[in-house]
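Chemist: Predicted model and sequence below, questions to follow.
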Amino acid sequence: MKFNVAALLLAAPALISAAPTPVAADVELIAPVTANENVFSRFAMTCNPPTVTGKELEEQKAALADMSAATARAHTAENKCPRSMETEFNNFKTKAARKKTIKSTCVSAYKDCVKERKAANAACKKAGGTVDQGHQDAVTFCDDKRKAWNLKKA
């Protein structure tokens with residue numbers, strides 16, 4: 001019995017300090033945390049066009065729709081050459097299969113990706129927005145992948 005009371009007395013400060021409180025006194029937020037923060041810039045890109053009205057609004061919506069469609073086509077092109085293709089390429093037994101994989105699948109997929117990314121950037125500019133670093137990085141990413149696949153030897 002004495003042991004249990006002694007253990008309770010020793011554990012009491014820890015239990016009290018761990019109890020939930022309505023206000024955290026030691027925590028101070030300098031800037032509020034937002035749900036739409038760009039954690040992964042490549043996957044959370046925005047065009048940020050200015051606010052417009054009337055006929056300009058219709059043109060802007062059309063340009064943003066073009067941008068969205070071009071971005072979707074870029075993702076589709078990028079997905080034609082998944083990461084697993086690298087392993088498959090190295091495991092092909094014949095040069096013909098490797099050449100087909102390089103030229104018809106991955107190089108052309110990333111070429112399409114670059115074309116569509118540039119089209120999305122042009123549509124963003126047409127909507128009055130600015131092409132941010134994330135959009136530029138997406139073009140560079142696709143172009144670097146295209147070059148890497150183009151350099152592979154069958």
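Modeler: Right, received. Where do you want to start? Residues are numbered from 1 along each chain as shown.
Chemist: May I ask you to name the longest helix in this structure?
Modeler: helix 55-79 (DSSP state H).
Chemist: So which elements touch it?
Modeler: helix 108-126, helix 133-151 (3 or more Cβ pairs under 8 Å, 6 or more residues apart in numbering; DSSP states H and E). For glycine as for every other residue, the C-beta is placed from the backbone atoms N, C-alpha and C.
Chemist: for the closest residue to Asp66 other than its chain neighbours, what are its contacts?
Modeler: Of all residues not flanking Asp66 in the chain, Ala123 sits nearest, at 4.1 Å (Cβ to Cβ, 6 or more residues apart in numbering). Shown in contact with Ala123 (Cβ atoms under 8 Å, 6 or more residues apart in numbering): Ala63, Leu64, Asp66, Met67, Ala70.
Chemist: Next, the buried residues of the longest helix of the chain.
Modeler: For helix 55-79, a neighbour-count test (16 or more other Cβ atoms under 10 Å) marks Gln60, Ala63, Leu64, Asp66, Met67, Ala70, Thr71, Arg73, Ala74, Ala77, Glu78 as buried.
Chemist: Just name the closest of the residues you listed to Ser108, please.
Modeler: For the buried residues of helix 55-79, the residue nearest Ser108 by Cβ to Cβ is Ala77; the value is 8.4 Å.
Chemist: number of nearby residues for the residue nearest to the closest one when sequence neighbours are not counted?
Modeler: Excluding the flanking residues, the one nearest Ala77 by Cβ to Cβ, 6+ apart is Asp112, at 3.8 Å. Asp112 is flanked by 18 other residues according to other Cβ atoms under 10 Å.
Chemist: Trp149 too?
Modeler: 22.
Chemist: Now it: closest residue in space, sequence neighbours ignored.
Modeler: Excluding its sequence neighbours, the residue lying closest to Trp149 (Cβ to Cβ, 6+ apart) is Cys106, at 4.1 Å.
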